[in-house]
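*Asks:* Structural data only, the sequence is not supplied:
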């Protein structure tokens, strides 16, 4: 894992959260995107080398809606950049981690993604991200 790629934050009111984090980080949202495979709307902000992803549910049965219903708004996941997501997935499986995806899928911000189950990662939902090259 090369670096922390971003921190994902679950929000209930997308517009209000974008405004709040723009003020907090003193920067503008640089990308808004619906990720239909995850049933979520995302916004990205960058502060120096750090990125924040705001996540709002697109429906009541999305993972973000379920997360907020159970735990409230707040940090949802931490994402790590990887060179080769399939190699990293195999390594983690071999180390005994439980993956939520058998194959990486296309996520937000032009990334292949895979999630590690929080029960096998000390209670933290971990996302692996690999840049998709054109």
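*Replies:* Perfect, I can see it now. Note that the structure is a prediction, hence the values are computed from the model and not measured.
*Asks:* And the biggest helix by length in the chain, what does it pack against?
*Replies:* The longest helix of the chain (DSSP state H) is helix 14-25. With contacts defined as 3 or more Cβ pairs under 8 Å, 6 or more residues apart in numbering; DSSP states H and E, helix 14-25 has these neighbours: strand 40-47, strand 50-57. In short, each C-beta sits where N, CA and C put it, glycine included.
*Asks:* possible to save those strands as JSON lines with mean neighbour count?
*Replies:* Listed next are the helices and strands packed on helix 14-25 as JSON lines, based on neighbours: other Cβ atoms under 10 Å:
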{"stretch": "strand 40-47", "mean neighbour count": "19"}
{"stretch": "strand 50-57", "mean neighbour count": "21"}
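*Asks:* which residues touch the longest helix of the chain?
*Replies:* 9, 11, 28, 29, 32, 41, 43, 45, 47, 52, 54, 56 (Cβ atoms under 8 Å, 6 or more residues apart in numbering).
*Asks:* What of stretch 104-122?
*Replies:* 5-6, 31, 33, 35, 37-38, 40, 42, 44, 53, 77, 79, 85-86, 89, 92, 96-101, 103, 124-132.
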